[in-house]
Every structure is written in structure tokens, then in C-alpha cells.
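**Student:** Coordinates only, no sequence provided:
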């Protein structure tokens, strides 16, 4: 039996650029969120979508890179989420970057409003996935990292890798 050709790369690896496939079950992930922000709390929310948007998401097409969530008039809105057109839906297609309403319970919205009132916090979508027939977004309450924080994190990761290499070399004999 012939092996199936894989699209993109696995999520692991150190090469820059290229097409990365999201984790199993995910439509899209925001990998930059963990680098640019300190993720404090996570919340699952539903998304109000049109039919062509759902079809496009089921095809695994969405870009979360510059998206963010706002609370306006007691409702949560997702901005700058790019869901490309679904080609078969010619006339009834959607706007790719329209604001999309997020579906949360009133108590969750009030809790997030209280948290966002603190200085420097924002709501960032980290992934989009399907839970049964429904599309869901994982939102993270996040605080922006400063340059020195990112450099410190990179240095700690390098030290951890060096230690692991040293132990691996010692126990190989």
C-alpha cells in the first residue's frame, strides 16, 4: 500500500517558516501567543458563524495570528480572525475578517470584564477546534511580555537543553 503524502510539517521541529499543521483536532493554533504573552487563564467559548465559515473551518483554514477579543456592551467579540472564502459558496460567501460574536455565559463575561479592568491584560485566542458539531475558541487572559522576559525565557530554555544533552551523553555508554 502506498504511503499517503503529508501536507505541511508536524508541529515539532526547529525549521523556520513553512506550513505547520495544528495539533490533532485543532483547526488553527496561535503559536505566537505563548511567545509574546504570558498566558494566565484559559476559557472555552463558542463562536457564532455563518455556514460558509463553518465549511471553511472544517477544511482546516483559519489564521489566528493577529486576532484578539474585546468586550463591548456586555458581549464578547473576536476581531481580526481570518477565515478565507469557501469557494463552492459563490454568492452566499462571508466577509473573511468580519467581527464574530463569542458565546459565553453571563458570569464568565463578568469575570473576564473584572480581570480585564486590571492594567496590561488582554484576551487572546489561542486555538480554534471542533467539539462535536460546534466550533469552539480557546481564549487566554494574557499579559504582554517585555523584551527582557523573552530573552530570559530563551536563556533558560538553552540551559535546560544543554543539561539534557550532557545527561544523555553520560548515560549512553
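**Tutor:** Nice, I can see it. All values derive from a computational prediction rather than experimental measurement. Numbers count the residues shown, from 1 in each chain.
**Student:** how deep is the nearest residue to residue 85 once chain neighbours are set aside tucked in, by neighbour count?
**Tutor:** Ranked by C-beta to C-beta, 6 or more residues apart in numbering and with sequence neighbours excluded, the top spatial neighbour of residue 85 is residue 93, at 4.8 Å. In this view, the C-beta of every residue, glycine as well, is placed from N, C-alpha and C. Using other C-beta atoms under 10 Å, residue 93 is surrounded by 17 other residues.
**Student:** Quick check, residue 93 in contact with residue 52.
**Tutor:** Yes. If you go by C-beta atoms under 8 Å, residue 93 and residue 52 touch, sitting 5.2 Å apart.
**Student:** Quickly list what's touching both of these two.
**Tutor:** Common neighbours of residue 93 and residue 52, counting by C-beta atoms under 8 Å, 6 or more residues apart in numbering, are 85, 86.
**Student:** what pLDDT, on average, does the biggest helix by length in the chain get?
**Tutor:** If you go by DSSP state H, the chain has its longest helix at helix 147-170. For helix 147-170, mean pLDDT is 82.
**Student:** next one: stretch 110-129
**Tutor:** pLDDT averaged over stretch 110-129 gives 87.
**Student:** for the closest residue to residue 149 other than its chain neighbours, what are its contacts?
**Tutor:** In this structure, residue 149 finds its nearest non-sequential neighbour in residue 38, 7.5 Å apart by C-beta to C-beta, 6+ apart. Contacts were defined as C-beta under 8 Å, 6+ apart; by that measure residue 38 touches 142, 143, 144, 145, 149.
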